[in-house]
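Chemist: heads up, no residue letters with this:
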């Protein structure tokens, strides 16, 4: 199977929906005091992560002491009951958080001047002198790029009165970290230390945040270790940041452990195996950076230290405990436990919030709703929505987006669309996530009209389709065959914005699934005439997949050769995809060349790559080459899997080399690999080749113990084994069982039909053939060939003609096996052997219209004259020269339908082209003349035979005899018959050759014939 690591539309769709449920951290706020006690019942109707059943139990608090909270009862269903109405927050949480605060004084005009001025330094000089540190901080924070932040900061430092402070450095370091400018960040960290500016909790929290969001999880945690060495204990914001980074990296247990350690005043990262953690940026744990290595860099060898006396006081906290007080911390913990599947712990955090008097916000409920809903508890999610409103917290757009996505994931499209509509009903505005989610829901179900309605609504409000939705929309249009609409959508989108490589790859992949390589190519090569045109390797890889699916291997190989010329180098995926594609097309020599290039480029082929080559060699019967690849694979340290052994075992079994097949089966078992159904099926074939029926039966019986039992391939193989040993009754029992269970497929029927044919049970074979036709099993060339062969074997030639017409109607291109059956039909139908030989030769040589000529003759022979004439017109109406075989087929077709004029017209066209009539032509003409009663024409052909102007032929004599009989000249038919006997006898015994005066028919006889036929028109064949 062709593999591509490029992004397809399905992957992009999944990613975009996941992005739709992102919870931002709320701003720290002082929680109000709650002078009351609350009782909360939290029930879960599902098993917790430890496998707890439905028993009632007390949910533990996640407090550092580890004791359960008093007054909190939890059973395993999620229903929220607040027994005090006083729990409503004293203030309503605004859903419009994050808006920029309005600045007073001269700051708005200064910011406007900086934004609009062309010369930043000149503007700074004119408006930014004598600012307070706080005003300088605001100006730094409001810059739109990291470059501008640095330029503004450098200006401030150039002022005589400027005093370096940690807040300004925090702003600069954050801007550089968000832009992933790590070298510049290091330099400013060094400068910060030289200026005697000590990092604070905010500094470290910010560094953990930017490194974590960049996917550098190990480095983020090393900042905390560095913080510990400097004697700083993380505050709650920093702790929350660390927990969030670990959560986002999937390190749920470590996040939980860090939080609980913090609660008891301890920060201990020594038990965290940092070197084994995977950075999200590269997805690999290769080249780990240890703590010692990290500290040895200039980044952490500089910077001031807090005095030792202060250090001791800061880190000596293990004697006391603390609880989080920030809403954002609780939100992070709920999300952590929810994503870890620890639903009871999430519920306990939620309850702890209530009891601790920490204000809840929309993010709290959004997170809980997502946690419940994503674990299949949609009713509890709905209940939480109600409780959210009871507490005076208005649902925001994200709330409805979450519910929309949750219902979409379970296929409840009506509820999903209801929440989409509810966004507008509640006076909120759908955001990008809302539109993306609803478009994905509708596109997945190919609901084109509904999609168009949503797009029209978006356009009315000036909202554009986002980039992540484009591939999904393209796929829907392509799947529905609306290629023009897809192209228009892509063109319009491309005008408005430049697409990322990932999105273009997904669009190309949408065409790939339908084999539309021309349309995919248009997307790939778009704007290639522009200077600097370059594609990412992921786009090349998906394009290789497109060509592979369309089986245009030469284009794929040419694309690979052109990559470097455009500045893109193939990666491991490129080589793997190409090798697998070429192996799928049996182009193993080219695949081997690529394997050598891949290894020369420093890439190590994976098991799948070797497996493709081994399977291809085995399929082609080149087993020695397959073994060579296997040995190279083991030398390279790549462990073979079941597919590798299965290919080798099957290859040897197919070629009758049972001993070698058993050898690799033993090797497979020695490697600890279990035999799958494919391997066991190959063993059945191997035992059949060596005549071990009982062993084959034992293997088949062993497959009964596998999950699902023997598959249909194994069962069909067993039927074939029974057939080889003449066990018709056993084959019938197994076939009847498969048919009764509804498992019998086209191979089962074809195999059973062969069993009956081989044993002379023609009626039973015909019944199977009829069953195949009625059951709709005739869907490909192989199935049609089997059925036609059965009918031909039984002499039911008319049925063969009907099946051939069905094939052509269904646009199934007859293969070489089909034509073998058709030539058999012609021979069994009494078609002249010379004509059959001529048609076979034209087919083998690939002459133009050879196939149509054969179809024409078949249809004419079996009496399907309408089909014959349709087929004949395919080549008789073209304005190109034809070969003799085509004219002969046309003469035969027109003659069979009594259209003598058209038949003779074909003769004249043939002569006009400079072609002389051959033996097959004379055979056809004899039949034509006979049906028209044109005795003179028959006599002239007969005369050519008599005087040996035409080489004597039994077929031509028989045609002449039939022509005389059709013209009701039995006497001449008898004369021709006697002459045929003498001619054939002469061929057997040349020494008894008769002279002209020894023939018993006299010249007088021929002269009398001429007198009788004097009134006939002259025809010169």
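Modeler: Yes, it's here. Keep in mind the model is a prediction, meaning the values are calculated, not measured.
Chemist: go through stretch 202-209 and flag the buried ones.
Modeler: 203, 204, 205, 206, 207, 208, 209 (16 or more other C-beta atoms under 10 Å). In short, each C-beta sits where N, CA and C put it, glycine included.
Chemist: outside of stretch 512-529, which residues touch it?
Modeler: Contacts to stretch 512-529, defined as C-beta atoms under 8 Å, 6 or more residues apart in numbering, come from residues 8, 475, 478-479, 483, 486-487, 490, 494, 504, 507-508, 511, 533, 535, 539, 542-543, 545-547, 549-550, 552, 555.
Chemist: out of the residues you listed, which are buried?
Modeler: 8, 475, 478, 486-487, 490, 494, 504, 507-508, 511, 535, 539, 542-543, 545-547, 549-550, 552, 555.
Chemist: could you check how far residue 580 is from residue 897?
Modeler: 52 Å (C-beta to C-beta, to the nearest Å).
Chemist: and those two? Which one has more around it.
Modeler: Higher neighbour count among residue 580 and residue 897: residue 580, with 24 against 16, using other C-beta atoms under 10 Å.
Chemist: so what does that one have for phi and psi?
Modeler: Main-chain torsions, residue 580, degrees, to the nearest 10: phi -70, psi -40.
Chemist: ok, for it, nearest residue in space, not its chain neighbours?
Modeler: Nearest non-adjacent residue to residue 580, counting by C-beta to C-beta, 6 or more residues apart in numbering: residue 612, 4.4 Å away.
Chemist: and that neighbour, what does it touch?
Modeler: Residue 612 makes contacts with 579, 580, 583, 584, 591, as judged by C-beta under 8 Å, 6+ apart.
Chemist: kindly report the same for residue 640.
Modeler: Contacts of residue 640 (C-beta under 8 Å, 6+ apart): 607, 610, 611, 630, 633, 634, 671.
Chemist: ok, the last one touching residue 641?
Modeler: What that stands for is residue 671. No: in this structure, residue 671 is not within contact of residue 641 by C-beta atoms under 8 Å, at 9.0 Å.
Chemist: more neighbours, these two?
Modeler: For residue 671 versus residue 641, neighbours defined as other C-beta under 10 Å are more numerous around residue 641 (15 against 12).
Chemist: what residues are up against that one?
Modeler: Residues counted as contacts of residue 641 (C-beta under 8 Å, 6+ apart) are 607, 611, 673.
Chemist: and residue 208, what is it in contact with?
Modeler: 220, 221, 223, 224, 238, 241, 242, 245.
Chemist: how far away is it from residue 393?
Modeler: Distance of residue 208 to residue 393, given as C-beta to C-beta: 29 Å.
Chemist: okay, now residue 226: neighbour count?
Modeler: 19.
Chemist: residues of the helix or strand hosting it that come out buried?
Modeler: Assigned by DSSP states H and E, residue 226 belongs to helix 217-229. For helix 217-229, a neighbour-count test (16+ other C-beta under 10 Å) marks 217, 218, 219, 220, 221, 222, 223, 224, 225, 226, 227, 228 as buried.
Chemist: next structured bit after that helix?
Modeler: Downstream of helix 217-229, the next assigned helix or strand under DSSP H and E is helix 236-248.
Chemist: tell me what that following helix is packed against?
Modeler: Applying 3 or more C-beta pairs under 8 Å, 6 or more residues apart in numbering; DSSP states H and E, we find helix 236-248 packed against helix 201-213, helix 217-229, helix 252-263, helix 327-339.
Chemist: would you mind checking the average pLDDT for the lengthiest helix in the chain?
Modeler: Assignment by DSSP state H gives helix 970-988 as the longest helix of the chain. The average pLDDT within helix 970-988 is 80.
Chemist: likewise for stretch 481-500?
Modeler: For stretch 481-500, the mean pLDDT works out to 82.
Chemist: may I see the buried residues of it?
Modeler: If you call a residue buried by 16+ other C-beta under 10 Å, then stretch 481-500 has these buried ones: 485, 486, 487, 489, 490, 493, 494, 499.
Chemist: swap in stretch 744-761?
Modeler: 744-757, 761.
Chemist: any low-confidence regions in the stretch 651-800 of the chain?
Modeler: Applying pLDDT under 70 to the stretch 651-800 of the chain flags no residue at all.
Chemist: do the chain as well
Modeler: Across the chain, the ranges flagged by pLDDT under 70 are 1-102, 104, 117-118, 270-320, 494-497, 528-533, 987-1021.
Chemist: touching, residue 718 and residue 699? I think so.
Modeler: No: contact between residue 718 and residue 699 fails when scored by C-beta under 8 Å: they sit 9.1 Å apart.
Chemist: pull up the overlap in contacts between these two.
Modeler: Both residue 718 and residue 699 are in contact with residue 684, where contact means C-beta under 8 Å, 6+ apart.
Chemist: re earlier: can you redo the contacts of residue 640 as CSV with secondary structure and distance to residue 684?
Modeler: Converted to CSV, the contacts of residue 640 look like this (DSSP: H, G, I helix; E, B strand; the rest coil; distance: C-beta to C-beta, whole Å):
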residue, secondary structure, distance to residue 684
607, helix, 26
610, helix, 26
611, helix, 22
630, helix, 22
633, helix, 26
634, helix, 27
671, coil, 22
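Chemist: and the buried ones among the residues you listed, selectable in ChimeraX?
Modeler: One line in ChimeraX is enough to select the buried ones among the contacts of residue 640; burial here means 16+ other C-beta under 10 Å:
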select :610,611,630,633
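Chemist: just give me the closest of the contacts of residue 640 to residue 434.
Modeler: Using C-beta to C-beta, residue 607 is the member of the contacts of residue 640 that lies nearest residue 434, at 43.6 Å.
Chemist: closest to residue 602 out of the buried residues of stretch 744-761?
Modeler: Residue 602 lies nearest to residue 747 out of the buried residues of stretch 744-761, by C-beta to C-beta, at 44.7 Å.
Chemist: which parts of the longest helix of the chain are buried?
Modeler: By 16+ other C-beta under 10 Å, the buried positions in helix 970-988 come out as 972, 973, 975, 976, 979, 980, 982, 983.
Chemist: tell me what that helix is packed against?
Modeler: Judged by 3+ C-beta pairs under 8 Å, 6+ apart, the packing partners of helix 970-988 are helix 935-946, helix 954-966.
Chemist: so which of those helices comes closest to residue 439?
Modeler: Residue 439 lies closest to helix 954-966 among these, at 70.1 Å (C-beta to C-beta).
Chemist: other SSEs contacting the closest one?
Modeler: helix 833-844, helix 919-932, helix 935-946, helix 970-988.
Chemist: distance to residue 812 added to the ones you listed, as a markdown table?
Modeler: Listed next are those as a markdown table, based on distance: least, C-beta to C-beta, whole Å:
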| stretch | distance to residue 812 |
| --- | --- |
| helix 833-844 | 17 |
| helix 919-932 | 29 |
| helix 935-946 | 40 |
| helix 970-988 | 42 |
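Chemist: and those: which comes nearest residue 805?
Modeler: Of the helices and strands packed on helix 954-966, the one closest to residue 805 (C-beta to C-beta) turns out to be helix 833-844, at 18.1 Å.
Chemist: buried set for that closest one?
Modeler: By neighbour count on 16+ other C-beta under 10 Å, the buried set for helix 833-844 is 834, 835, 836, 838, 839, 840, 842, 843.
Chemist: so the next helix or strand after that helix versus helix 833-844, what angle?
Modeler: Per DSSP H and E, the first helix or strand lying C-terminal to helix 833-844 is helix 850-862. Relative orientation of helix 850-862 with respect to helix 833-844: 150 degrees, computed using axes from the mean of the first three to the mean of the last three C-alpha atoms, to 10 degrees.
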